[in-house]
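[1] Here's a sequence, model it:
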Amino acid sequence: SKFVKLFSKSFKLQLWAIEGEDPCRARRIAYFRGAHGVILIYNVADETTFKGIEKWLTTTNSLLPSGTVPLALVAHCFDDERRVITPQQGKQLADQHGIGYFEVSSREFESVETFFSTFLRSIVKSVEEKQEAAKEEQRLKNEMALASSSVGPVSPSKTTQDFVIVQEKRPRLISFF
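    As a prediction, the model looks like this:
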């Protein structure tokens, strides 16, 4: 765990490395379900790690519906001399799945800070958007409940047709007698 400051706020950053075949699938599922972002890393000098990204994308998409959390594809450039995966191949894969693409080198510490800063910003933005959407949904539910309770009793001799009109993000219950 590490605390980072972003947007004048402190955030607790926890990274969970889930590589290869985790013997405890239930634990892996729990990590994914609680995630605010997913980073998929491959080694540019090892084609097997690149080919494994497709499997992890499938796993990620099965556990987290598409678009629910930011995803990033990271090419780890530890040894550029033995590189077998080109930047174009990595970018193409990321583009196919609509996710961000980054190249970093932990040996030289190249682009690592830029990547984390960019990725954390996308996570914060995603979380804030979800919070705003939840607030808006709750506000709409409250307005609907208030509108339906303020209609009052309807006499049995009259028929009622209710329509919800959404205008300027404020639903109103209109009753016709």
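
[2] Tell me where the chain has strands.
    2-6, 9-13, 38-43, 71-76, 100-104, 161-167, 170-176 (DSSP state E).

[3] rank the ones you listed by pLDDT, which is bottom?
    Mean pLDDT is lowest for strand 170-176 among those, at a mean of 35.

[4] Show me the longest helix that occurs in this protein.
    helix 112-150 (DSSP state H).

[5] Find out how far it is from the centre of the chain, if you would.
    12 Å (C-alpha atoms, centre = their mean, to the nearest Å).

[6] and the angle from that helix to strand 9-13?
    110 degrees (axes from the mean of the first three to the mean of the last three C-alpha atoms, to 10 degrees).

[7] Pull out the buried residues from helix 112-150.
    Across helix 112-150, burial judged by 16 or more other C-beta atoms under 10 Å covers 115-116, 119-120, 122-124, 126, 147. Where C-beta positions appear, they are placed from N, C-alpha and C, glycine not excepted.

[8] Report the contact partners of the residue positioned nearest the centre of the chain.
    Centroid-nearest residue in the chain: residue 69, 0.6 Å away (criterion: C-alpha atoms, centre = their mean). Residue 69 is in contact with 35-38, 123, 126, counting by C-beta atoms under 8 Å, 6 or more residues apart in numbering.

[9] Give me the distance between the two termini of stretch 43-51.
    Stretch 43-51 has an end-to-end distance of 10 Å (C-alpha to C-alpha, to the nearest Å).

[10] Mind listing residues that contact it?
    Against stretch 43-51 from outside (C-beta under 8 Å, 6+ apart): 41-42, 75-80, 82-85, 89-90, 93, 103.

[11] Could you give me the buried positions within it?
    43-46, 49-50.

[12] Make JSON lines out of these and add distance to residue 7.
    Converted to JSON lines, the buried residues of stretch 43-51 look like this (distance: C-beta to C-beta, whole Å):
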{"residue": "43", "distance to residue 7": "32"}
{"residue": "44", "distance to residue 7": "32"}
{"residue": "45", "distance to residue 7": "36"}
{"residue": "46", "distance to residue 7": "36"}
{"residue": "49", "distance to residue 7": "33"}
{"residue": "50", "distance to residue 7": "34"}
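
[13] and which of those residues is nearest residue 3?
    residue 43 (28.8 Å; C-beta to C-beta).

[14] For residue 127, see how far away that closest one is.
    Separation of residue 43 from residue 127 (C-beta to C-beta, to the nearest Å): 30 Å.
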